[in-house]
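Participant: No letters, just coordinates:
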């Protein structure tokens, strides 16, 4: 009676499980009202009819709108345009109102190019600035326009409640249910630690986003030991900062004096020692294996895990292509999706040809079925793709290899029925993308259920950006895209509470 209770209710209804239906109906999240919902021109959860009505008011005749929720794509077109009083405020000689709408809906700025006297294309700075100011104005006006009609308000609110107001948080009572068998009686865990440790036992993914000093170390150790004692995990692996490997081992023995652990420092992962170490991990019956952050990348990711992630991307893009063709879309959008598809197909082929580790013992063969990552913010710069303009302060979309390596290992472990726990005092420190990253690591299924696994779909639902004039390092004013705030925090909070 927690998690995505909207989806569960639909499944129970279709299966004719009356008792389940009654129980699920009783725990549905309270319906949100106009005051709790913020419309957005980039929100792929918004009703298609609302966008069509907006375009019609702008002067588009019989407008056509295609929404691809999984990619956060909203594409509009219209064969003919007429001038309307409402649409005149967005009139520009270089671009139509439909062009402006598509730019606002994608978060991608328009660039106006003109030919110089030599026939070369150069950027028209004045026209580009003018048209992008109109794009930004349209995004703001859309929010006001959406709330200007009661029927429209109801459509937006109903769509939000159906697609975004979907989850209920689960409660974990460690005081009542946790029995830390084998733990030292001289160490008394706090209630918050007991609840979190019990959550580690019960949930497949957990993020301990506790402040420094809250006791994350003992919480992870207790959770890992209880999972092993109950037979939920056979071989836990704890990944910690390199300089803390021995400290974690001491803390482990302090809390569980009878534990059998293997603490491997980065020196143990030297090339001439690696085969022996991997064999010990694979054949040993350890309560936990503790390694450093830098050592994780030396452990090969199973080929099946890599193929899983890439095949998911390929299937998703194939579905998008099929949908776009069914809607008779063509041109640049179709080309972009086809290029992405070819890129992932190329990656899949490369995996087949790459030379595997000569040791031949990957994470799965080691028997590791539970992974805990301390200071998980060290892996926060996970790669992501966006068709929109990069917002100032966001992470590099390419990301480092160590973050993607962890992502592959996490996805593979969860797919095999394993469990993952992250611990950090700073889940979000510099950029909103870090929040998306944590969700991508630990709330993959929930993001998929809301069609928000793609960054553009996620940011379109929750992020609010605007263009501001800011000084550069040379003290010149330059327009820059910045994060202005968040939309629909209640829906974002529902997702976050599923794992944190």
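Facilitator: Right, received. Where do you want to start? Values in this document were obtained by computation on a predicted structure and should not be read as measured data.

Participant: does residue 467 count as helix, strand or coil?
Facilitator: At residue 467 the chain is in strand, as set by DSSP: H, G, I helix; E, B strand; the rest coil.

Participant: Would you mind measuring from it to residue 432?
Facilitator: Separation of residue 467 from residue 432 (CB to CB, to the nearest Å): 17 Å. The way it works is simple: take the backbone N, C-alpha and C, and place the C-beta from them, glycine included.

Participant: cool, residue 335 as well?
Facilitator: Separation of residue 335 from residue 432 (CB to CB) stands at 29 Å.

Participant: Neighbour count: those two, which is higher?
Facilitator: Set side by side, residue 335 and residue 432 show more neighbours around residue 432, with 19 against 10, by other CB atoms under 10 Å.

Participant: OK, contacts around that one?
Facilitator: If a contact means CB atoms under 8 Å, 6 or more residues apart in numbering, then residue 432 has 391, 394, 459, 463, 483, 486 as its contacts.

Participant: and with 6 Å instead?
Facilitator: Residue 432 makes contacts with 463, 483, as judged by CB atoms under 6 Å, 6 or more residues apart in numbering.

Participant: Do you know the pLDDT at it?
Facilitator: Reading off the confidence values, residue 432 has pLDDT 76.

Participant: how close does it get to residue 119?
Facilitator: Taken as CB to CB, the span from residue 432 to residue 119 is 43 Å.

Participant: Residue 313 now?
Facilitator: Per CB to CB, residue 313 is found 41 Å from residue 119.

Participant: go on, residue 296?
Facilitator: Between residue 296 and residue 119 the distance is 55 Å, computed by CB to CB.

Participant: what about the closest residue to residue 63 other than its chain neighbours, how many residues close to it?
Facilitator: Spatially, and ignoring its direct neighbours in sequence, residue 63 is nearest to residue 55 (3.8 Å; CB to CB, 6 or more residues apart in numbering). Neighbour count for residue 55, taken as other CB under 10 Å: 23.

Participant: what about residue 55, helix or strand, and which?
Facilitator: Assigned by DSSP states H and E, residue 55 belongs to helix 48-58.

Participant: Looking at residue 296 and residue 119, which is more packed in?
Facilitator: Legend: neighbour count by other CB under 10 Å for residue 296 and residue 119, higher for residue 296 (20 against 6).

Participant: name the element the spatially most central residue of the chain belongs to?
Facilitator: Taking CA atoms, centre = their mean as the criterion, residue 440 is the residue nearest the geometric centre of the chain, at 3.4 Å. In this assignment (DSSP H and E), residue 440 forms part of helix 433-442.

Participant: how far away is the residue nearest to the centre of the chain from residue 45?
Facilitator: From residue 440 to residue 45 the distance is 19 Å (CB to CB).

Participant: isn't residue 131 right up against residue 111?
Facilitator: No: shown here, residue 131 and residue 111 do not form a contact pair, counting by CB atoms under 6 Å, at 8.9 Å.

Participant: Looking at these two now, which is surrounded by more residues?
Facilitator: Shown here are residue 131 and residue 111; by other CB under 10 Å, residue 131 has more neighbours (22 against 12).

Participant: I'd like to know how far that one sits from residue 115.
Facilitator: For residue 131, the distance to residue 115 - CB to CB - is 18 Å.

Participant: ok, which stretches of the stretch 101-250 of the chain are helices?
Facilitator: 125-146, 150-163, 174-177, 191-202, 216-229, 245-255 (DSSP state H, counting those that start in this stretch).

Participant: what's in contact with the longest one?
Facilitator: With CB under 6 Å, 6+ apart as the test, helix 125-146 has contacts from 39, 41, 90, 92, 94-95, 100, 103-104, 109-112, 152, 156, 467.

Participant: about what we covered before: which residue packs closest to the residue nearest to the centre of the chain, ignoring adjacent ones?
Facilitator: residue 382 (6.3 Å).

Participant: Same question for residue 198.
Facilitator: Using CB to CB, 6+ apart, the nearest residue to residue 198 is residue 174, at 3.6 Å.

Participant: Contacts only, for that neighbour.
Facilitator: Here residue 174 is in contact with 194-195, 197-198 (CB under 6 Å, 6+ apart).

Participant: Quickly note the distance from it to residue 168.
Facilitator: Applying CB to CB to residue 174 and residue 168 gives a distance of 20 Å.

Participant: just residue 373 next, same as before
Facilitator: 27 Å.

Participant: re the thing from before, touching, the residue nearest to residue 63 and residue 62? I think so.
Facilitator: No: using CB under 6 Å, residue 55 is not in contact with residue 62; the gap is 9.6 Å.

Participant: quick one on the thing from earlier: which members of the contacts of residue 174 are the farthest-apart pair?
Facilitator: The most widely separated members of these are 195 and 197, with 7.4 Å between them, by CB to CB.

Participant: So between the two, which is more surrounded?
Facilitator: The residue with more neighbours, out of residue 195 and residue 197, is residue 197; 29 against 19, by other CB under 10 Å.

Participant: Which residues are in contact with that one?
Facilitator: Counting by CB under 6 Å, 6+ apart, residue 197 touches 174, 178, 219, 222-223.

Participant: switch to 7 Å and redo it
Facilitator: 174, 178, 219, 222-223, 226 (CB atoms under 7 Å, 6 or more residues apart in numbering).

Participant: Scan the residues you listed and report the most crowded one.
Facilitator: So for those (other CB under 10 Å), the most neighbours sit at residue 223, 30 neighbours.

Participant: how close does that one sit to residue 453?
Facilitator: According to CB to CB, residue 223 and residue 453 sit 27 Å apart.

Participant: cool, and residue 7?
Facilitator: Residue 7 is 15 Å from residue 453, where distance means CB to CB.

Participant: the more surrounded of those two?
Facilitator: Set residue 7 next to residue 453 and count neighbours by other CB under 10 Å: residue 453 wins out with 23 against 14.

Participant: okay, that one: pLDDT?
Facilitator: pLDDT at residue 453 comes out at 89.

Participant: Work out for me the element it sits within.
Facilitator: Counting by DSSP H and E, no helix or strand carries residue 453.
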